[in-house]
Each structure stands twice: as C-alpha cells, then as structure tokens.
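Peer 1: how would this look folded up:
(one chain, ligands or ions: 2)
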Amino acid sequence: MDVTVGKILFTEEQIRERAKALAKKINEDYKGESVYLVGTLRGALVWMADLMKELELNTEIDFIVASSYQGTDTTGVVTIKKDIEGDVSGKNVIIVEDIVDTGTTLFKLLDYFKGRGAKSVEICSMLNKPSRRRAPVSPKYNGFEIDDLFVIGYGLDYNQKFRNLPYVGVAELR
Ligand code: IMP
Ligand code: MG
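Peer 2: Ligands and ions are numbered 1, 2, ... in the order given. Reported below is the predicted structural model:
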C-alpha cells in the first residue's frame, strides 16, 4: 500500500502554541512542585521536546516503550518493551503521549505508575481521538481533538515512516 500525506491538520506553529498553553497550565497546577515527564517512544518525542522547553518547574524526563494489541478483552494487552530508568515513587508523573486512540496503552500505564508509588499521574497528549475510546482514559492536558482519522507526522508514523514531518497530516492510503 502506498501512503501519502493528505490534508494538513496542524502546523508546527499551531502545535507549539498548544504546547506553550498547556505548559502554562502545568506550571500553574504544579507550582512549587517537581514533575517527572515520561515520554512514550517513539511518537511523543517531538511533542515532548516542545512541551518541556516551556516548563518552568523542576523537571526530570524519562522514556517508556509500551505496545498494545487488542485482545478479546476490552482493554487489550499491553507489554512494556523498554521500562523507565528512574524511580517514580513520590513523584508527580506526567505521561507525555502523541495520541490517545483506544486508550488501552494509557489505561495500563496509569495503573503501572500508580503501582510504583507515584504521588500523582496525569496525561499530556498532543492529540485525542475520543470516538475510538475503549478504555476509560481522558487526558487532563490535551493539544487537539481529532475525528477518527489516521494521522502522520510530528512524531506519528505509518509503518515507522513520516515521523519527521514538521506538521500533522492525514494519511492517504491508496
Ligand atoms: P491506544 O492504546 O489505542 O490509545 O494506542 C495509542 C497508540 O497508537 C498511539 O500512541 C500511537 O502510537 C498509535 N496511534 C493511534 N492512532 C494513530 C494515528 O492516527 N496515527 C499514528 N499512530 C497512531
Ligand atoms: Mg504512542
């Protein structure tokens, strides 16, 4: 199958503007505290870079690689392929995600970090597809809501390609 970029949904400027606005909220919400950002590789890389530069809090960063496949159970099975390297106990974890789709991955990750003693766990996602939700997850911080479209760019891939595009566009399959 051939894939090309169709309509551009969000430009770099628009995305950075949202990152800035959300970072401002985070700066207020966690005033006087530290945050521990956990980026989900590989998709969240670009969004996380935008977000962290706007934070004025004591900030640590870490990364996790999780993959999910939909089983018969509504929440599916999530495997952690690369764990975080630091200790989140007593910390304010913010999971930085590229896109919340079914919510399967994040549902498990929320539980995972709580189980490891995090003081708090929230989600900061660049994109959200609420119409696809299967697990009860809603990001406290969210860049943009989109319809049920497959999107690429700004970290998001189709078969590992297009992550480098400096905008989010709709994937056109032909
Ligand atoms: P969830 O567990 O179904 O919420 O899976 C979310 C993950 O699926 C995201 O972190 C992405 O890596 C991937 N994903 C979901 N929708 C898209 C899309 O439209 N484009 C690219 N990747 C997507
Ligand atoms: Mg992801």
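
Peer 1: any idea how far residue 150 is from residue 141?
Peer 2: Per C-beta to C-beta, to the nearest Å, residue 150 is found 23 Å from residue 141. Heads up, the C-betas are built off the backbone N, CA and C, glycines and all.

Peer 1: can you check residue 41 too?
Peer 2: 19 Å.

Peer 1: Give the residue from the two that has the larger number of neighbours.
Peer 2: residue 141 (21 against 15; other C-beta atoms under 10 Å).

Peer 1: hang on, isn't the more buried one packed against residue 124?
Peer 2: Yes: contact status for residue 141 versus residue 124: in contact at 3.9 Å, counting by C-beta atoms under 8 Å.

Peer 1: Mutual contacts of the two, please.
Peer 2: Counting by C-beta atoms under 8 Å, 6 or more residues apart in numbering, the residues touching both residue 141 and residue 124 are 22, 26, 94.

Peer 1: now, among the residues you listed, which is nearest to residue 129?
Peer 2: Set against residue 129, the nearest of the shared contacts of residue 141 and residue 124 by C-beta to C-beta is residue 22 (17.7 Å).
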